[in-house]
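A.B. asks: pasting the structure only:
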């Protein structure tokens, strides 16, 4: 399961991200530190299988080879169960792992849980957000309140720009 250590801080641009354990599709576990040596796109979405979340995942799927050419891994994360994430990944054929963060440790570290309006009611849920982490584990860019259309292209463009500098 996703574990967090006491006193873990929230992420901050320009700082190292906390080394959180992740529960991944394929019944695997990993740590954020396992991605050092390559760049990482970590994107958070509200709920597996919903239209916006599906489209965002499909956009990342379509661009996967462009990200791989940049030595960049992609992880999608939500509060869904591992079973829901497995089903979502299988149905859409995502060529990257999804994180089941049911206990919200990863969500808390990246501060993506917000109060939102849904059908006139206040609910607690994930604000669609994306984080670009460099090959040393440093958070280089974040996008919050993401609109799906055009977002993946923006992430890819920013990645290329940061890797040149």
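C.D. replies: Perfect, thanks for sending it. Worth saying up front: this structure is predicted, and the values here are computed from it rather than measured. Numbering: from 1, shown residues only.

A.B. asks: before we move on, what SS does residue 40 have?
C.D. replies: Assigned with DSSP: H, G, I helix; E, B strand; the rest coil, residue 40 falls in the strand class.

A.B. asks: Could you verify my assumption that it touches residue 73?
C.D. replies: Yes - using C-beta atoms under 8 Å, residue 40 is in contact with residue 73, at 5.1 Å. (C-beta placed from N, C-alpha, C; glycine too.)

A.B. asks: Neighbour count for these two, which is higher?
C.D. replies: When neighbours are counted by other C-beta atoms under 10 Å, residue 40 and residue 73 differ, and residue 40 comes out ahead with 21 against 18.

A.B. asks: Chain neighbours aside, what residue packs nearest to that one?
C.D. replies: Spatially, and ignoring its direct neighbours in sequence, residue 40 is nearest to residue 133 (4.4 Å; C-beta to C-beta, 6 or more residues apart in numbering).

A.B. asks: Residue 63 versus the one you found, what's the distance?
C.D. replies: Separation of residue 133 from residue 63 (C-beta to C-beta, to the nearest Å): 17 Å.

A.B. asks: Please say which of those two ends up with more neighbours.
C.D. replies: Counted by other C-beta under 10 Å, residue 133 and residue 63 do not tie: residue 133 has more neighbours, with 25 against 16.

A.B. asks: what sits against residue 112?
C.D. replies: 44, 126, 127, 129, 144 (C-beta atoms under 8 Å, 6 or more residues apart in numbering).

A.B. asks: for this structure, where's the lowest mean pLDDT among helices and strands?
C.D. replies: strand 113-118 (a mean of 82; mean pLDDT, DSSP states H and E).

A.B. asks: who does that one touch, helix- and strand-wise?
C.D. replies: strand 121-126 (3 or more C-beta pairs under 8 Å, 6 or more residues apart in numbering; DSSP states H and E).

A.B. asks: Please identify the buried residues of the strand it packs on?
C.D. replies: Across strand 121-126, burial judged by 16 or more other C-beta atoms under 10 Å covers 125, 126.

A.B. asks: Pull the distance from it to the chain's centre.
C.D. replies: Offset of strand 121-126 from its chain centre (C-alpha atoms, centre = their mean, to the nearest Å): 19 Å.

A.B. asks: go on, stretch 125-140?
C.D. replies: With C-alpha atoms, centre = their mean, you get 7 Å for stretch 125-140.
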